[in-house]
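[1] sequence-free structure coming up:
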């Protein structure tokens with residue numbers, strides 16, 4: 001076996017696992033996000049920041065289907081049904097109770113601050 005043939009086989013063997021890992025990472029994930037208030041809430045901002053820190057880029061390898069109840073909890077079941085009909089991979093649902101409990105916590109315990117030192121979004125009253 002020539003040196004060239006050996007290196008070609010070796011390169012193919014080494015490159016195959018890396019190529020399959022890259023193609024597996026390229027799967028586009030569809031995430032459904034259901035929230036009782038609106039998009040300007042601190043919990044929504046924290047969720048998007050957590051996705052970014054985990055390496056997911058919305059619009060590149062992640063599609064984020066967002067539904068907001070605009071403080072009308074009676075809309076939540078219909079919005080959840082919309083997400084199910086869209087065949088998302090997972091649904092992240094913020095319950096009104098969890099949201100109220102999150103907003104009752106002292107601001108220092110709610111999560112990280114943005115780079116300019118201010119908190120992104122605000123806690124709004126829901127339900």
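    Perfect, thanks for sending it. All figures in this text were calculated on a predicted structure; none of them were measured in a lab.
[2] mind listing the strands for the chain?
    With DSSP state E as the criterion, the chain has strands at 29-35, 62-68, 90-93.
[3] Please work out which of these is packed deepest.
    strand 29-35 (a mean of 19; mean count of other C-beta atoms under 10 Å). Any C-beta I mention is one placed from the backbone N, CA and C, and that applies to glycine too.
[4] what is the rounded mean pLDDT of that one?
    On average, the pLDDT along strand 29-35 is 91.
[5] Provide the contact partners of it at residue level.
    Here strand 29-35 makes contact (C-beta atoms under 8 Å, 6 or more residues apart in numbering) with 41, 43-44, 47, 51, 56, 61-69, 76, 79-80, 83-84, 86-94, 99.
[6] again, only using 7 Å
    41, 43-44, 47, 61-69, 76, 79-80, 83, 86, 88-94 (C-beta atoms under 7 Å, 6 or more residues apart in numbering).
[7] Next, the angle from it to strand 62-68.
    20 degrees (axes from the mean of the first three to the mean of the last three C-alpha atoms, to 10 degrees).
[8] Paired strands for strand 29-35, with orientation please.
    Neighbouring strands of strand 29-35 in its sheet, by DSSP bridges, are strand 62-68 (parallel), strand 90-93 (parallel).
[9] per-stretch mean pLDDT over those, give me the minimum one.
    Of all the strands paired with strand 29-35, strand 90-93 carries the lowest average pLDDT, namely a mean of 88.
[10] Identify the residue spatially nearest to residue 82, adjacent ones excluded.
    residue 67 (6.1 Å; C-beta to C-beta, 6 or more residues apart in numbering).
[11] Pull up the gap between that neighbour and residue 92, please.
    11 Å (C-beta to C-beta, to the nearest Å).
[12] Where does the prediction get shaky in the protein?
    1-26, 98-103, 105-127 (pLDDT under 70).
[13] what about the helices in it?
    Counting by DSSP state H, residue ranges of the helices within the chain are 3-25, 42-53, 76-85, 96-104.
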